[in-house]
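Novice: Just the structure for this:
(one chain, ligands or ions: 1)
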Amino acid sequence: MTSLDMYKRPLRVERVALDVAKNAGVELFMARADEIHPLASGNKFYKLKPHFDYARKNGIEQLLSFGGAFSNHIHALALMANEYDFQSMGIIRGEAEYAKNPTLTAARNAGMTLEFVTRKNYKLRDDENYLTALGKRFPQALIIPEGGSSPLAVAGCTELSKDINAQHKSDILTIASGTGASFAGLVCGLEETQQAIGYAVLKDQSLEERIASFIAAENAEATHFNRYSIVQADYGGYAKFDDTHLVFILDWLEQTGILLDPIYTSKMCRRLVEQIVACEFARGTSITMVHSGGLQGWFGMQDNVMKLAGESSWHRIQSYLQDK
Ligand SMILES: *Cc1c(COP(=O)(O)O)cnc(C)c1O
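Specialist: Have a look, this model is predicted:
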């Protein structure tokens with residue numbers, strides 16, 4: 001059996017040279033969790049690893065989870081399951097037609113079985129009765145919530161803070177937040193003097209409460225609740241991707257040499273730049289942003305990028321991805 005740590009690379013924290021930050025006296029770093037594992041990118045490695053450990057310990061050979069048609073989580077689950085000798089199954093929101101997209105093609109090639117459900121049925125993914133019925137259909141499977149966001153994932157992401165701090169200790173750690181499980185883990189792994197900012201990429205009223213309950217479930221000390229804030233960074237919605245956003249990503253690539261993902265990390269960085277420009281951070285503050293991965297999402301965006309910014313922009317993105 002392949003050890004789960006076998007492919008994990010040391011987490012690299014690199015300085016990000018951005019003119020606006022330099023002018024504001026803010027020191028910026030990026031934790032390259034996108035490079036942490038060749039198969040499971042970014043926070044998804046930290047979130048999934050404890051599920052694989054749990055499954056191994058309990059003799060479970062089948063892993064089942066939920067996701068959208070371009071889900072980074074489904075992609076990571078399929079590829080890791082394949083590498084570490086588990087069967088995997090994905091319950092996917094939307095039409096079977098999506099099976100042909102790059103994300104789900106990669107998942108199928110890694111041996112994942114897909115089942116497509118309507119948007120209405122997909123909403124049942126956390127419903128107790130639905131999960132009981134699913135458990136009866138797949139009695140051998142470990143059922144993992146959407147995004148991998150269980151208490152195990154929160155515990156896994158405390159390691160993310162520790163890995164970052166082992167390389168470089170900033171005043172503030174930041175990460176993009178969908179379900180909030182990664183951010184909660186990051187907060188629980190902070191040292192006493194550190195703060196964290198979570199950037200919400202969804203318009204989701206329940207995020208704040210969910211993060212608080214993830215943190216509480218991780219047996220955090222009371223002081224952890226005073227060490228974080230949540231900043232809205234949805235830019236019109238989760239899947240919204242326009243000209244302005246693409247220009248930001250291409251400009252960031254030009255200035256820093258780092259490609260951000262289209263949905264999560266890029267929104268965090270864009271909002272953070274706005275905060276720096278608005279002098280929301282004191283001079284001398286050092287900030288480490290987590291690059292939470294998700295670069296596989298670009299493969300489904302070729303047409304979109306070409307339409308918005310032309311072929312040469314797509315080639316810049318593509319050549320970055322090929323060099324990885
Ligand atoms: C899933 C994902 C996130 C969000 O993680 P949560 O734990 O759901 O908040 C952030 N960035 C990337 C690239 C992701 O794939």
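Novice: Name the residues of the chain found near the ligand, please.
Specialist: By the rule Cβ under 6 Å from any ligand atom, the part of the chain lying against the ligand is 42-44, 72-73, 147, 149, 176-183, 261, 264-265, 292-294. Glycine gets a C-beta too; all of them are placed from N, C-alpha and C.
Novice: how does it look with 8 Å?
Specialist: Counting by Cβ under 8 Å from any ligand atom, the residues of the chain lying close to the ligand are 34, 41-44, 47, 71-73, 76, 147-149, 153, 157, 175-185, 198, 201, 261, 263-265, 292-294, 297.
Novice: Please report the number of neighbouring residues for the closest residue to residue 102 other than its chain neighbours.
Specialist: Excluding the flanking residues, the one nearest residue 102 by Cβ to Cβ, 6 or more residues apart in numbering is residue 299, at 3.7 Å. Residues within reach of residue 299, counting by other Cβ atoms under 10 Å, total 17.
Novice: Please report the distance of residue 253 from the ligand.
Specialist: Applying Cβ to the nearest ligand atom, to the nearest Å, the value for residue 253 to the ligand is 16 Å.
Novice: Buried residues, the host helix or strand of that residue. List them.
Specialist: Per DSSP states H and E, residue 253 falls inside helix 243-256. Residues of helix 243-256 classed as buried: 245-246, 248-250, 252-253, 256 (neighbour count, 16 or more other Cβ atoms under 10 Å).
Novice: and that helix, how far out from the chain's middle?
Specialist: 19 Å (Cα atoms, centre = their mean, to the nearest Å).
Novice: again with stretch 130-147
Specialist: 23 Å.
Novice: Give me the contact list for the helix holding residue 253.
Specialist: 16-19, 30, 235, 258-260, 262, 266-267, 269-270, 305, 308-309, 313, 316-317, 320 (Cβ atoms under 8 Å, 6 or more residues apart in numbering).
Novice: Among these, which ones are in strands?
Specialist: Among the contacts of helix 243-256, the residues falling in strands (DSSP state E) are residue 30.
Novice: What is the neighbour count of the nearest residue to residue 240 once chain neighbours are set aside?
Specialist: Nearest residue to residue 240 in three dimensions, chain neighbours excluded: residue 234, at 7.9 Å (Cβ to Cβ, 6+ apart). By the criterion of other Cβ under 10 Å, residue 234 has 15 neighbours.
Novice: how far away is residue 234 from residue 177?
Specialist: Residue 234 sits 10 Å away from residue 177, going by Cβ to Cβ, to the nearest Å.
Novice: got any residues that touch both of these two?
Specialist: 200-201.
Novice: Need the CA coordinates for stretch 28-42. CSV is fine.
Specialist: Coordinates of each C-alpha in stretch 28-42 appear next as CSV, following Å, rounded to 0.1, in the frame of the first residue of the first chain:
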residue,chain,number,x,y,z
LEU,A,28,3.2,39.7,1.1
PHE,A,29,3.9,36.0,1.0
MET,A,30,2.2,33.1,-0.7
ALA,A,31,2.0,29.5,0.7
ARG,A,32,2.1,27.3,-2.3
ALA,A,33,-0.3,24.6,-1.2
ASP,A,34,-1.2,24.3,-4.9
GLU,A,35,2.2,22.4,-5.2
ILE,A,36,1.8,20.3,-2.1
HIS,A,37,0.8,17.1,-4.0
PRO,A,38,1.0,16.1,-7.6
LEU,A,39,-2.6,14.7,-7.6
ALA,A,40,-4.5,16.5,-5.0
SER,A,41,-4.0,20.2,-5.2
GLY,A,42,-4.1,22.7,-2.4
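Novice: For that stretch, buried residues please.
Specialist: Here stretch 28-42 shows 28-37, 39-42 as buried, counting by 16+ other Cβ under 10 Å.
Novice: coming back round to it: buried ones among the residues of the chain next to the ligand?
Specialist: 34, 41-44, 47, 71-73, 76, 147-149, 153, 157, 175-185, 198, 201, 261, 263-265, 292-294, 297.
Novice: Next, the distance between the ends of stretch 252-263.
Specialist: Using Cα to Cα, to the nearest Å, the end-to-end distance of stretch 252-263 comes out at 15 Å.
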